[in-house]
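**Student:** got a structure for you, letters missing:
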């Protein structure tokens, strides 16, 4: 142990450089994971964290909320399916809104405020009344604060913000929830003379103890032209989610491989370089186990330090992140990534142990080459 | 030189390790760049491969092709502004469709054939005639969904199938496959698929235009906005970056690629510094028998060049192989320009790493060779 730490201390530059490289790579891993989690949350939070158990789409919409158009008459059919406690309409409309002096994008959701799909729990403020909305709290960075008034463009409809919900953002833009009847009025103002007001989804609550996925399947079978999905399936099925998560998984996977390889190569080179000393140590009685432990301790010290550096850089990076896209350090993620890197790096370090085990202590007597 | 090469030959394992490390990092950066390029190309083709110099949007549409709306009659007003050579029209309808029993996400784009805004890269079939109804040009990506020349595509909610009479390449819109139809067809489809839009009357979503020779796009754009009032005119390049998510994606990937580059530099420099540290003894001997610093530097640089070129080659091949096994949901696009930039960058980084270790060579005292301790 003593030798391992002494060695670290005496080759500060060498280990410092490697710690820096591992730190940057760990930062890259953490950054990518954080980025994809936040991005996905902003993209499909409204679906994944919805208060309803099951979301019903138009069958041909391919789980795309904005392509899904349902007739209100289907609500009764769906409510009649065994296991369904209640079914309620959900409408989504993306429009331009004015907040203060700025024009911005807004996803406006019309929901049954007391039924499935209601914006709950309210984390700040109160539920909306007539002419009022609650927003996803991330909208605060874009100026959507409690007490402010949103003006819809071009209709001029005014809506007051009275509360916040959490993790209910949709399509990466500010998201507001209001009563369904008022949403219908907004829709009609947006599309004058419209012959229909299509629902985007029908939100369903199921009986306690029933698996939402099972009830979803029942709805798909019982009612023609619709697809009932539990929240997770609906969120994952949203077009684009697959591309985003797979792309990020790919990058994270490759980066992870590189961290492990860099650590492995480094220790291999170092071991080969110090072979003469290892041989001498073995000649004076050090066991392979002892030398292996020293090496593993160095790997652990290095990866731990590197991970701290990586987490530190991430912390600095999140402080400077755009308030409209808040990145934060997730302690559990840091631990998972560090653990994974550590485990694989120790395995990689064993390659070097193999090299040490093959040395012959007798070489020391002959002056090795 | 001979010595540098001989060393690589005699220590194959070590040099293979360095080459391997370089290869994996090159692989990472190439794949990242391919992803970034793939996302950019798949999102922006519809505008990028248009011959328009600029697009006119409504102010409240916030440069969104889906939400902007302008009366079609405004096209004549745009065309009348001095400096405008020709004006077209664009309308987008995001929908799902079925063809050969498969459901597909599709962006139907209405345009005026022969005017700005039309797709410029026709790869097969024939062009659309002006005002021709219910025929369309499909993006090449629709071939993957089983659409062939002469097939019909039926939008959900519509009763009129559209016959594919030609294919265009690189014309996707926000990663959706596109079907280009005449403005007349688009209006008919929109009324069927989105009946709520009927009340809006004869509207289009953007008016793309070209400018005459000798005037700047910005000047004409300002003149258009001044003449029309409630519009926002942007150059095609600005319009591309204003597509939802495109600019954010581009900056995110630039950040990731930049971080990867810093790591590449540090790792490569680290390896060369290590190797030099290790060879201090031999280098001291070489200096003692008369080798100059320059000669030694040349050797180190040559080794760095060999390791980085070999590493790059391996990483390049690996990244291309990966493209074969990637799921279709991951949009990757390997561009020769990106590969070339990275090649130059890798060589430069490798050389810098070698120079970093050269500082140590300079500091080696030839006399230490006599002391026996390396």
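**Tutor:** Perfect, I can see it now. Every value quoted in this text rests on a predicted model; they were computed, and no experiment measured them.
**Student:** close to chain A, is stretch B:352-360?
**Tutor:** No - using CB under 8 Å from any CB of the partner chain, stretch B:352-360 never reaches chain A; the gap is at least 9.8 Å. Yep, even glycine has a C-beta here, placed from its N, CA and C like the rest.
**Student:** correct me, but residue A:302 touches residue A:16?
**Tutor:** No - between residue A:302 and residue A:16 there is no contact under CB atoms under 8 Å: 10.0 Å.
**Student:** so where's the chain uncertain?
**Tutor:** Assuming you mean chain A. For chain A, applying pLDDT under 70 flags the ranges A:1, A:322-325, A:365-369.
**Student:** actually, chain B is the one I wanted.
**Tutor:** B:1, B:100, B:264-265, B:267, B:270, B:273-274, B:277, B:329, B:371-374.
**Student:** that one: strands as residue ranges?
**Tutor:** Here chain B has its strands, by DSSP state E, at B:54-58, B:70-71, B:84-87, B:90-99, B:102-111, B:122-125, B:135-139, B:152-155, B:162-168, B:177-182, B:203-204, B:207-211, B:231-235.
**Student:** excluding chain neighbours, what is closest to the residue of the stretch 51-200 of chain A found nearest chain B?
**Tutor:** Residue nearest to chain B within the stretch 51-200 of chain A: residue A:193 (3.1 Å; CB to the nearest CB). Leaving aside its sequence neighbours, residue A:193 sits nearest to residue B:199 (CB to CB, 6 or more residues apart in numbering or on different chains; 3.1 Å).
**Student:** and that neighbour, what does it touch?
**Tutor:** A:191-194 (CB atoms under 8 Å, 6 or more residues apart in numbering or on different chains).
**Student:** highest neighbour count among those?
**Tutor:** Comparing the contacts of residue B:199 by number of neighbours (other CB atoms under 10 Å in any protein chain shown), residue A:191 comes first, having 20 neighbours.
**Student:** how about that residue, nearest residue that isn't a chain neighbour?
**Tutor:** residue B:196 (3.8 Å).
**Student:** give me the number of neighbouring residues for that neighbour.
**Tutor:** Residue B:196 has 20 neighbours, counted by other CB under 10 Å.
**Student:** how much space separates it from residue A:196?
**Tutor:** From residue B:196 across to residue A:196, the span is 6 Å (CB to CB, to the nearest Å).
**Student:** go on, residue B:83?
**Tutor:** 43 Å.
**Student:** tell me the domain boundaries of chain B?
**Tutor:** With domains defined by automatic domain parsing, chain B comprises B:2-44+B:247-371, B:46-242.
**Student:** and the longest one, end to end?
**Tutor:** End-to-end distance of domain B:46-242 (CA to CA, to the nearest Å): 13 Å.
**Student:** ok now it, how far from the chain's centre?
**Tutor:** 22 Å (CA atoms, centre = their mean, to the nearest Å).
**Student:** likewise for stretch A:170-189?
**Tutor:** 26 Å.
**Student:** how about stretch B:283-290?
**Tutor:** 51 Å.
**Student:** residues contacting the residue lying closest to residue B:236 once chain neighbours are set aside?
**Tutor:** Counting by CB to CB, 6+ apart, residue B:236 lies nearest to residue B:52, which is 5.5 Å off, once chain neighbours are set aside. Going by CB under 8 Å, 6+ apart, residue B:52 touches B:88, B:116-117, B:208-210, B:236.
**Student:** let's see 6 Å
**Tutor:** Neighbour list for residue B:52: B:116-117, B:208, B:236 [criterion: CB atoms under 6 Å, 6 or more residues apart in numbering or on different chains].
**Student:** possible to save these as TSV with neighbour count?
**Tutor:** Listed next are those as TSV, based on neighbours: other CB atoms under 10 Å in any protein chain shown:
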residue	neighbour count
B:116	25
B:117	31
B:208	28
B:236	20
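**Student:** out of those residues, who's nearest residue B:312?
**Tutor:** Within these, the smallest distance to residue B:312 is 34.7 Å, found for residue B:236 (CB to CB).
**Student:** what's the helix or strand for residue A:350?
**Tutor:** Assessed by DSSP states H and E, residue A:350 sits inside helix A:331-357.
**Student:** what is the longest strand anywhere in chain A packed up against?
**Tutor:** Counting residues, the longest strand found in chain A (DSSP E) is strand A:84-99. Here strand A:84-99 touches helix A:74-79, strand A:102-111, strand A:149-153, strand A:201-206, going by 3 or more CB pairs under 6 Å, 6 or more residues apart in numbering or on different chains; DSSP states H and E.
**Student:** coming back round to it: can you give me the distance of the residue nearest to residue B:236 to residue B:111?
**Tutor:** Distance, residue B:52 to residue B:111, using CB to CB: 10 Å.
**Student:** so what sits against both of these two?
**Tutor:** Listed as contacting both residue B:52 and residue B:111 by CB under 6 Å, 6+ apart are residue B:117.
**Student:** quick check: residues of the stretch 1-150 of chain A near chain B?
**Tutor:** A:17, A:20-21, A:24-25, A:28, A:60, A:62, A:67, A:96, A:103 (CB under 6 Å from any CB of the partner chain).
**Student:** need the max-distance pair from the residues you listed.
**Tutor:** Checked with CB to CB, the residues of the stretch 1-150 of chain A next to chain B reach their widest spread between A:17 and A:60, with 57.5 Å between them.
**Student:** chain center to the helix holding residue A:350: distance?
**Tutor:** Chain-centre distance of helix A:331-357: 25 Å, with CA atoms, centre = their mean.
**Student:** also stretch A:291-304?
**Tutor:** On CA atoms, centre = their mean, the centre of stretch A:291-304 falls 32 Å from the chain's centre.
**Student:** which residues touch it?
**Tutor:** Stretch A:291-304 is contacted by residues A:3-4, A:19, A:341-342, A:345-346, A:349, A:352-353, A:356 when judged by CB under 6 Å, 6+ apart.
**Student:** for that stretch, buried residues please.
**Tutor:** For stretch A:291-304, a neighbour-count test (16 or more other CB atoms under 10 Å in any protein chain shown) marks A:291-292, A:294-299, A:302-303 as buried.
**Student:** stretch A:236-247 now?
**Tutor:** For stretch A:236-247, a neighbour-count test (16+ other CB under 10 Å) marks A:236-241, A:243-247 as buried.
**Student:** tell me which of those residues is nearest to residue A:259?
**Tutor:** residue A:247 (19.2 Å).
**Student:** is chain B contacted by the helix or strand where that closest one lies?
**Tutor:** Counting by DSSP H and E, the element that carries residue A:247 is helix A:241-273. Yes - for helix A:241-273, a contact with chain B is found by CB under 6 Å from any CB, at A:242-243, A:246-247, A:254, A:258, A:261-262, A:265, A:269, A:273.
**Student:** and the nearest residue to residue A:353 once chain neighbours are set aside, how close does it get to residue A:350?
**Tutor:** Leaving aside its chain neighbours, residue A:353 sits nearest to residue A:292 (4.3 Å; criterion: CB to CB, 6+ apart). According to CB to CB, residue A:292 stands 8 Å off from residue A:350.
**Student:** tell me how far the closest residue to chain A within chain B lies from residue B:69.
**Tutor:** Residue nearest to chain A within chain B (CB to the nearest CB): residue B:199, separated by 3.1 Å. Residue B:199 sits 12 Å away from residue B:69, going by CB to CB.
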